[in-house]
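Novice: Below is the sequence, then the predicted model.
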Amino acid sequence: MKIFLQILLLIFFISGLLNLYPAAAQSTRDTHNKKTEFSLSIGEELVYVVKYAFLNLGEVKFHVKASTVIEGKEVVETIAYMDSYEGLPFVDLHQEYHSYIDTNFYPVKFLGLMFDEDTNFVKYIFKSDSLIKITKGDYNSEKIKFDSTASVNRKFQDGLSILFYARKFVGLDTTFLIPCFVNEKEEKTEINFYSDSESVEIDDIDYEINCLKIDGRTDFVSVYGLTGDFEGWFSNDIHSVPIKAKMNVIIGSVTLELIKWDKKNWNPPKFIN
C-alpha cells in the first residue's frame, strides 16, 4: 500500500494523494490567497506512465466514478489502477484501490485489492474520528484472515484520498503535516505547496505546461524502495490535474508523467512567459 501513498502524493501525486486533520500543522506562510476551488469531477480519468531510467515500468490510472451513500454519508467513489507492463524481469504488480470520499475530502471507506495467484484485499471503514475498522482476507472466497479495530484521535487520509485532498491546496504557500493510515499503521507525510507558476514538459504534450509545484518527504520505505523526498507538478487552473512527479528510490529516481486524460472541457494549460 505504501507505494500507492507515495505515487498519489506526487501526482503528486503520489499523490489521490494517502490526511489533514482539522488543524493540520501549517507553516506561518500565507494560506489565504488560494486562486481556485477544486472539486471532484465525476467521470474524470487520468493515466500516467511510470518511468525508471530508460525503462517504462507500468501505468497508474485514476478514475472518479460515481456518488453513493456509505455510513449515512454522501461520498464519491474514486478508483486507482496500478499495473506493471508485461515482460519486465523484476516486477509484476497489479493492484486496485477504491476510496469513498465525503464532501470534506476525508475517506469513509477504503478497499485495496492485490491481484496475484490469490486476490487479497484490505478494507478500512473510518468511523468518525475515533475508530478505524480493519478487515483483510481473500477477495474471491470472502474468507476473512484479519479483523480488528484501531482506536484513533484524529481524521486520517488513506492511500488514495490523500491525492484528491492535496489537489484542494495546490497554489497555496503553505506546509501541511498529514496523518495517513497506510498498511494498518499511522504514518505522516509533509507536503509543501507553492504559488509560483512553473513550466513543465512531458513527452506526450508538444508545449510547455503551466504548473504549480509541491514537494515533501516521507520517512517510510515502500515497494520498489520508494522513500524520502518527492516533488510533483499540477496544472495551474481550477482542476489541479497532476501532470508530472519525481520521487526517490533506493537505487535512483522514478518519474510519473500524464499520458492520457478523459476530462470534460480540459486540456493542459499552456505556459506563457
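Specialist: Thanks, I have the structure now. Numbering: from 1, shown residues only.
Novice: and residue 146, how far is that from residue 75?
Specialist: Applying CB to CB, to the nearest Å, the value for residue 146 to residue 75 is 24 Å. Quick note: C-beta positions are derived from backbone N, CA and C, even for glycine.
Novice: The two: who's more crowded?
Specialist: The residue with more neighbours, out of residue 146 and residue 75, is residue 75; 21 against 10, by other CB atoms under 10 Å.
Novice: wait, what's in contact with the more buried one?
Specialist: 67-69, 100-102, 108-109 (CB atoms under 8 Å, 6 or more residues apart in numbering).
Novice: out of those residues, which are buried?
Specialist: For the contacts of residue 75, a neighbour count by 16 or more other CB atoms under 10 Å gives the buried set as 100-102, 108-109.
Novice: Just the closest of these to residue 236, please.
Specialist: Taking CB to CB as the measure, residue 236 sits nearest to residue 101 out of the buried ones among the contacts of residue 75, at 23.5 Å.
Novice: low-confidence ranges in the stretch 101-250 of the chain?
Specialist: 117, 219-227, 249-250 (pLDDT under 70).
Novice: now the strands for the stretch 51-200 of the chain?
Specialist: Assigned by DSSP state E, counting those that start in this stretch, the stretch 51-200 of the chain shows strands spanning 55-70, 73-84, 94-101, 107-114, 120-127, 131-138, 143-151, 174-182, 185-200.
Novice: Figure out which of the ones you listed is closest to residue 162.
Specialist: Comparing the strands of the stretch 51-200 of the chain by CB to CB, strand 174-182 comes nearest, at 6.1 Å.
Novice: about what we covered before: and the contacts of residue 75, which is closest to residue 268?
Specialist: For the contacts of residue 75, the nearest to residue 268 is residue 101 (24.3 Å; CB to CB).
Novice: So that closest one is in contact with residue 126, correct?
Specialist: No - with contacts counted by CB atoms under 8 Å, residue 101 stays clear of residue 126, the gap being 10.4 Å.
Novice: List the residues that are in contact with both of those two.
Specialist: 107-108.
Novice: how many other residues sit next to residue 147?
Specialist: Considering only other CB under 10 Å, residue 147 is surrounded by 11 other residues.
Novice: and it, what are its bridge partners?
Specialist: residue 135 (DSSP bridges).
Novice: gap between it and residue 261?
Specialist: Distance from residue 147 to residue 261, by CB to CB: 39 Å.
Novice: hang on, isn't residue 137 packed against residue 119?
Specialist: No - using CB under 8 Å, residue 137 is not in contact with residue 119, being 10.0 Å away.
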